[in-house]
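[1] Just need the structure, nothing else, for what follows:
(4 chains)
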Protein chains: 2
Amino acid sequence: MRVLLVEDQLQLAESVAQALKGIGLTVDVLHDGVAADLALSSEEYAVAILDVGLPRMNGFEVLARLRARGKTLPVLMLTARSDVKDRVHGLNLGADDYLAKPFELTELEARVKALLRRSVLGGERQQQCGSLIYDLETRRFTLGEELLTLTSREQAVLEALIARPGRVMSKEQLAAQVFGLDEEASSDAIEIYIHRLRKKLDGQAVAIVTFRGLGYLLESRDV
Amino acid sequence: MRVLLVEDQLQLAESVAQALKGIGLTVDVLHDGVAADLALSSEEYAVAILDVGLPRMNGFEVLARLRARGKTLPVLMLTARSDVKDRVHGLNLGADDYLAKPFELTELEARVKALLRRSVLGGERQQQCGSLIYDLETRRFTLGEELLTLTSREQAVLEALIARPGRVMSKEQLAAQVFGLDEEASSDAIEIYIHRLRKKLDGQAVAIVTFRGLGYLLESRDV
DNA sequence: CTTATGTAAGGTTAGCGAAAGGTTAGCCGG
DNA sequence: CCGGCTAACCTTTCGCTAACCTTACATAAG
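    The predicted model follows:
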């Protein structure tokens, strides 16, 4: 699952990013409002965490432009002041939560988790496709009766596939979900993860279907 | 098992800490309310012991903020006065027990033990995973028919693992539980305790499973 | 002195992803 | 219709790295 963090204090950004990676998220870190605006229009995120006081374009404006584009992803605002006016302003613009600095990393983690839980599939606990079940709470997959053990890359790919049932995901989209902005996104590697996932899903009532030239799709099927 | 003690009288704090360590607990000692508030939001404790008259932020406020964050861990309040008003105030704010100074160390020990017993795992007496049984009353492990003899570090790690069945604990989390705030938390050392524990659990219907890059998990298994 | 502890050091393994060759689907000319 | 062609995809192999395991030993604690 991929999230965007926009925070201009480099050190704080780094520690927050580490914390979020610690709970299994793919994190893109940016340090100014214009870059954030760009990323939010071209990339796909499960949650955005926006500092209010950003260089080049402030967090409120980034948020306003995001909502103007009709995007509904949950946004958590960070602010130096615990100003009630700011808070109201942010919530009016469509922020979903608000956190005043300084804050505890665990509190931020908890809020991000809450936003994810609320948003991804409208608060559903579980997601199912054939005999494959994904538990959002524990972020683990169950296949038939067995718990599925996946490596972190495999997990990222399968999460991306099950997130939108019935929708074809291109290799490039998958690579973006798995690698984020930072790493060199080798979409060749995606083929390998698909292969390894297929091995693990073999013989079950679920399969990854190829759409030549388009991408992959997770689909339930008869055994 | 890890507890937080907040008491500004250094000498008293020290002797209480010693007493608690004496019954096998990992103790973090702090001396003011702000530090306590911080620690309680970022660390995980089985019990908190709060003096009422703390510098920077009093015990009542620390307690109120703790409950406002939705935390349910048991809290034992300490007060210089045996004022009934204070007592009511504390209990209204969600304190679980109350002790007036001066008190006997043995009484404090007894009350802390009682709180631990009541809270950890919702009052359950025993915790089981495969052939491994943990008795909260005596805080000892039984493996098959045999009583398991562990060093205090091994005990701390295994307690942390069995406390949340089915949940993966990272080496950092385990180190926090074992060492507390004070000591240099070398998460390398955790690998050694895991190794030594595995030796002692060898051949039994329980095992510590590694999740590469994530941590460890205690799991029952077939022999 | 004995036991517990944890650093250091080396060995082992899982996960990653590039490379390379095999396979398949769709297209096109005959 | 059919064989050939190509691009897209599948699969295997393999070297690299980081994470993990294990042993040995020095130090500290009781």
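
[2] In terms of secondary structure, what does the worst-scoring helix or strand of chain A on mean pLDDT contact?
    Least confident helix or strand of chain A, by mean pLDDT, DSSP states H and E, is helix A:84-92 with a mean of 77. Helices and strands touching helix A:84-92, by 3 or more Cβ pairs under 8 Å, 6 or more residues apart in numbering or on different chains; DSSP states H and E, are helix A:59-68, strand A:75-79, strand A:97-100. Any C-beta I mention is one placed from the backbone N, CA and C, and that applies to glycine too.

[3] what's the distance between it and the middle of its chain?
    In terms of Cα atoms, centre = their mean, to the nearest Å, the centre of helix A:84-92 is found 25 Å from the chain centre.

[4] and the angle for that helix with strand A:75-79?
    160 degrees (axes from the mean of the first three to the mean of the last three Cα atoms, to 10 degrees).

[5] Serialize the helices and strands packed on helix A:84-92 to JSON lines and add fields for mean neighbour count and distance to residue B:146.
    Formatted as JSON lines, the helices and strands packed on helix A:84-92 follow (neighbours: other Cβ atoms under 10 Å in any protein chain shown; distance: least, Cβ to Cβ, whole Å):
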{"stretch": "helix A:59-68", "mean neighbour count": "19", "distance to residue B:146": "60"}
{"stretch": "strand A:75-79", "mean neighbour count": "24", "distance to residue B:146": "51"}
{"stretch": "strand A:97-100", "mean neighbour count": "17", "distance to residue B:146": "50"}
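
[6] Could you save these as TSV and add columns showing mean pLDDT?
    Supplementary listing: these in TSV, determined by pLDDT from 0 to 100:
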stretch	mean pLDDT
helix A:59-68	94
strand A:75-79	92
strand A:97-100	85
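
[7] Going along the chain, name the helices of chain A.
    For chain A, the helices defined by DSSP state H cover A:10-22, A:33-42, A:59-68, A:84-92, A:105-119, A:152-163, A:171-179, A:187-201.

[8] got those helices as a markdown table, with distance to residue A:3 columns?
    Shown next, in a markdown table, are the helices of chain A (distance: least, Cβ to Cβ, whole Å):
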| stretch | distance to residue A:3 |
| --- | --- |
| helix A:10-22 | 6 |
| helix A:33-42 | 11 |
| helix A:59-68 | 14 |
| helix A:84-92 | 18 |
| helix A:105-119 | 7 |
| helix A:152-163 | 13 |
| helix A:171-179 | 11 |
| helix A:187-201 | 20 |
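
[9] Make JSON lines out of those helices and add distance to DNA strand C.
    Output for the helices of chain A, formatted as JSON lines (distance: least, Cβ to the nearest atom of the strand, whole Å):
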{"stretch": "helix A:10-22", "distance to DNA strand C": "13"}
{"stretch": "helix A:33-42", "distance to DNA strand C": "21"}
{"stretch": "helix A:59-68", "distance to DNA strand C": "29"}
{"stretch": "helix A:84-92", "distance to DNA strand C": "36"}
{"stretch": "helix A:105-119", "distance to DNA strand C": "21"}
{"stretch": "helix A:152-163", "distance to DNA strand C": "4"}
{"stretch": "helix A:171-179", "distance to DNA strand C": "7"}
{"stretch": "helix A:187-201", "distance to DNA strand C": "4"}
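
[10] Quick check: which of those helices is nearest to DNA strand D?
    Of all the helices of chain A, it is helix A:187-201 that lies closest to DNA strand D, at 4.3 Å by Cβ to the nearest atom of the strand.

[11] The closest one packs against which elements?
    So helix A:187-201, by 3+ Cβ pairs under 8 Å, 6+ apart, packs with helix A:152-163, helix A:171-179, strand A:206-211.
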